[in-house]
Structure formats: structure tokens, C-alpha cells
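Novice: need coordinates for the below:
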Amino acid sequence: MSIRLLSVALPVLLLVGVCEANDSSTPEYVYWTGAATPGRLDYELAVVDAALKRSVAAYGPYHLTLDQREMPSVRGRMALIKGDDIHFVATTRQDYDPRQLIVVRHPIEGGLLGYRQLLIKAERLPEFANITRPQQLQKLIAGQGRGWPDVDVYRANHFNVEEILTFEQLLPVLLSERIDYIPLGIDEIEPTLTRYGDKYPGMTKVPGLMIYYPMPVFLVVSARHPTLAARLNAGLKMMTEDGSLQRLFMRYKGDTVATIKATNPTLIMLRNPNLPPTYNLPPALLARPEE
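Specialist: Numbering: from 1, shown residues only. Alright, predicted model coming up:
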């Protein structure tokens, strides 16, 4: 068995993983990452590839193809339901009709994605440096991609939200001050500044301040590919039980967790109205303030 991983910088369709078997019966699984902001791809791809490898004994060889085309969330969801061009995705949304989409209920992000830093126009940093309470942010406008599940969280907590079609389109809107800030995962904000800083200069993050709400990430598979859902479930179950998923998380995210803990940030706590009542929250990565 050999695995070939290619680094990709453009939104193209590439073969990124192969578990060798060169006959035409080897299934090809297409993983769509176009909805992910910078900073998540390497880890999530490593999880997917590891889960598929763990299921080879029971399900056989595979080809893994990475689709990085950027498209609005609604369009991506419809393509995923159709199941022709893309077969599965990592997402925080769970409210799917099981006849259309299958949620593999093993969270893969270790609770990290629920910690959000604020991307702002740099000249407004003194204004944001004084924010310590949710009521202060409720007076401002958050920017989010259209159809992002976080929109429901912010609105349920009485925040003002402006939805923009795609992630990159949020950035010039931020600089024009049509929106006031963009909340991004703590491992997403630095890659965003690195990738887009030259094209959209004048952005920065707010140090020492975070929003937190529980936001687990799951793999979601087109119901047209139940075997793929079953093998991902089997692989992630084994990885969860033997601790290899947690070890993989710490390999990719351990430095981020340690850095954030060391800053002892102010946390603005929000509730997530979309969590299933039976979902067991992972332990908080950062100390929570007293209610």
C-alpha cells in the first residue's frame, strides 16, 4: 500500500491519495474542501486518509481525490446530495435529511473550531481592544459566508450577521466597513492573513479576545455512497477507541492549543442551538470563565 499526498494551492481536482489496486473496480472517493477556510485542510485530509486506511482490511483499496473548487454552501450541498462530482465533506452542519446525506458521528476537530478570533480592519484595533462582553459585539455586524452554520449560532445569541456569497468576498466587504469583523477559527485566522494579506492589506486579528461556542466537525457523505459512509465510520471508530485520532489532532493542532492557552484570552461564551440533545461535548480546551 502506498499513499501519495500532493500539496495544492489552486481550486482544482487532484488525486491526493492512493491505496494501491490498479483495477477498474477500485472505488474513487471525492472529498470536497472548497467550503473550508485556510488552515483546516491539512489536518482534515490527514484524518480522512487515516480513516480510509484503517478500513482497508474490511473494505479494500481506494482512490482518494481532493476537490478544492470554491462554491457557495447551498450549491455545494446540492452537489453533495446528488453525489456525482463530490461524495463527502467535513462540516459543522448536522441538520440533514438522512435520505439525502449521512452524518458520520465521530467529531474530528477536537472542539478547536468553536474557538473564534476576530478578523478586523487594522485601524479599528483600539476600538476592539476594549471589548470584553457579548453586548458590545451585538452592536456590531459580523460577516459570514452564506449558508455557514455559524450564522444560526450568532443570530440565536442576538448578534447581527451579514451573509456574503463566498469566503474571499467577505474580505473587501470588511475593509469597506460594511461589516465590522469576521469570526474565524483560531487555526484559520493566521493562514487567512498569510494567503490574502497582500491582496487585501490592512487586516489584522484582535489579540486576547475570543468567541467560544461548541461546534463539532463531522464528515458528511452523500446517501448515494453508503459504503463510503460505513467505512469512514468504521475507520474513525477505531481511531477514536485506540487514541490515534487524538494523537493526530495533537500532532497538527497541539502548538495552536498550547499557544492559545498561554495567552489566557477573554472568552465571550455563546450557546449553539443546533447541537443534538444527545451530543456529548468534548472537554473545553481553554479554561471557561465563571458564569
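Novice: which residue is the nearest non-sequential neighbour of Trp148?
Specialist: By the measure of CB to CB, 6 or more residues apart in numbering, the closest residue to Trp148 outside its immediate chain neighbours is Ser73, 6.4 Å from it. No exception for glycine: its C-beta is placed from N, CA and C like everyone else's.
Novice: and that neighbour, how many residues sit next to it?
Specialist: 22 (other CB atoms under 10 Å).
Novice: ok, it - contacts?
Specialist: Ser73 makes contacts with Ala35, Gly145, Arg146, Gly147, Trp148, as judged by CB atoms under 8 Å, 6 or more residues apart in numbering.
Novice: residue boundaries of the strands in the stretch 101-250 of the chain?
Specialist: Secondary structure of the stretch 101-250 of the chain (DSSP state E, counting those that start in this stretch): strands at 101-104, 115-121, 141-145, 160-164, 182-185, 203-205, 209-212, 218-222.
Novice: need the pLDDT of Leu10.
Specialist: pLDDT recorded at Leu10 is 38.
Novice: an error on my part: the question was meant for Gln94.
Specialist: The model reports Gln94 with a pLDDT of 75.
Novice: for it, pull up the helix or strand it's in.
Specialist: Following DSSP states H and E, one finds Gln94 outside all helices and strands.
Novice: tally of neighbours for it?
Specialist: 16.
Novice: cool, Asn264 as well?
Specialist: 10.
Novice: quick check: it vs Gly208, distance?
Specialist: Asn264 is 8 Å from Gly208, where distance means CB to CB, to the nearest Å.
Novice: try Glu168
Specialist: Using CB to CB, Glu168 is found at 27 Å from Gly208.
Novice: the more surrounded of these two?
Specialist: Taking neighbours as other CB under 10 Å, Glu168 and Gly208 compare with Glu168 leading, 16 against 13.
Novice: thought that one was touching Thr192?
Specialist: No. Glu168 is beyond contact range of Thr192, at 9.6 Å (criterion: CB atoms under 8 Å).
Novice: so where is the chain shaky, pLDDT-wise?
Specialist: When residues are selected by pLDDT under 70, those of the chain lie in 1-24, 35-39, 276-291.
Novice: circling back: between the strands of the stretch 101-250 of the chain, which one is nearest to His87?
Specialist: Closest to His87 of the strands of the stretch 101-250 of the chain is strand 218-222 (CB to CB; 5.5 Å).
Novice: Asp49: neighbour count?
Specialist: Count around Asp49 with other CB under 10 Å applied: 19.
Novice: report how many residues lie close to the closest residue to Tyr181 other than its chain neighbours.
Specialist: Excluding the flanking residues, the one nearest Tyr181 by CB to CB, 6+ apart is Leu118, at 4.4 Å. Neighbour count for Leu118, taken as other CB under 10 Å: 23.
Novice: list the contacts of Leu118.
Specialist: Counted by CB under 8 Å, 6+ apart, Leu118 has contacts Phe128, Tyr181, Ile182, Pro183, Leu184, Lys205, Val206, Leu209, Ile211.
Novice: report the two of the contacts of Ser73 separated the most.
Specialist: Ala35 and Arg146, at 10.8 Å, using CB to CB across the contacts of Ser73.
Novice: out of these two, which sits in the busier spot?
Specialist: Using other CB under 10 Å as the criterion, Ala35 and Arg146 rank with Ala35 on top: 22 against 17.
Novice: confirm that Arg69 sits in a helix.
Specialist: No. Under DSSP: H, G, I helix; E, B strand; the rest coil, Arg69 sits outside any helix and is assigned coil.
Novice: so it touches Thr33, yeah?
Specialist: No. Counting by CB under 8 Å, Arg69 stays clear of Thr33, with 9.1 Å between them.
Novice: more neighbours, these two?
Specialist: In terms of neighbours (other CB under 10 Å), Thr33 is the more surrounded of Arg69 and Thr33; the figures are 21 against 16.
Novice: how near is that one to Tyr213?
Specialist: 23 Å.
Novice: could you give the angle of the helix or strand harbouring Val30 to strand 218-222?
Specialist: Taking DSSP H and E as the criterion, Val30 maps to strand 28-32. Per axes from the mean of the first three to the mean of the last three CA atoms, to 10 degrees, the angle that strand 28-32 makes with strand 218-222 is 120 degrees.
Novice: buried sites along strand 28-32?
Specialist: Neighbour-count burial for strand 28-32 flags Tyr29, Val30, Tyr31, Trp32 (criterion: 16 or more other CB atoms under 10 Å).
Novice: do the same with stretch 211-230
Specialist: Neighbour-count burial for stretch 211-230 flags 211-223, 225, 228-230 (criterion: 16+ other CB under 10 Å).
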